[in-house]
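Q: Sequence and predicted structure, then a few things I'm wondering about:
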Amino acid sequence: MKSLIAFGAVLLMFVMTIPVNADGKDELKQFYSKTADKVKATENADEKREILNESFNNMSNVLDKVLSSGLISESDRVGIEQYKATLQEKQNELEGINGYERVQDSQLNSFANYVVQDMEQADSTITISVIALLLIIIIVILLV
């Protein structure tokens, strides 16, 4: 029975990894696009900043959890840390700290669009296959 579960997990890993790798970047695009849509739908500048800040904090927390898991390769760790640094730069720019000029209230919609475009074009992206593998490991542990 355990060998059947292990075989199923390995098979599931191969089946899920291929499409997830292809669409992994799309998932991140959707995350930032939804944030930009929320920003554009909001009239109050303080609320727009809060939406953007919350989005940056949520993604940063996710990245921290993945980094602390200990289940990723060194190259994935470097890529995630670079991605997190890019994310932090955007948050610094939004808040006007660490040498960045604060984004003006009238430019928050444009900034949200810029974040979407910039994060889409980021050189270092998180390989979603790592996350899929973690999910598979959790499922295997629950089933055994």
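A: Okay, I see it. Numbering: from 1, shown residues only.

Q: And for the strand or helix carrying Asp46, what's in contact with it?
A: Per DSSP states H and E, Asp46 falls inside helix 45-68. Helix 45-68 has contacts (C-beta atoms under 8 Å, 6 or more residues apart in numbering) with 31-32, 35, 38-39, 42, 72, 77, 80-81, 83-84, 87-88, 90-91, 94-95, 105-106, 108-109, 111-112, 115, 126, 130-131, 134. C-beta coordinates here come from the backbone N, C-alpha and C atoms, glycine included.

Q: list the contacts for Phe111?
A: Applying C-beta under 8 Å, 6+ apart, we find Phe111 in contact with 52, 93-94, 103.

Q: That one sits in which helix or strand?
A: helix 108-120.

Q: next one: Val78
A: helix 74-95.

Q: in that helix, what counts as buried?
A: Across helix 74-95, burial judged by 16 or more other C-beta atoms under 10 Å covers 76, 79-80, 83-84, 87, 90-91, 93-94.

Q: Same question for stretch 92-106.
A: Buried, per 16+ other C-beta under 10 Å, within stretch 92-106: 93-94, 103.

Q: Show the model's pLDDT score for Asn58.
A: What the model reports as pLDDT for Asn58 is 83.

Q: I meant Glu27, not that one.
A: 62.

Q: Output the contacting helices and strands for the helix holding Val78.
A: Using 3 or more C-beta pairs under 8 Å, 6 or more residues apart in numbering; DSSP states H and E, the elements in contact with helix 74-95 are helix 45-68, helix 108-120.
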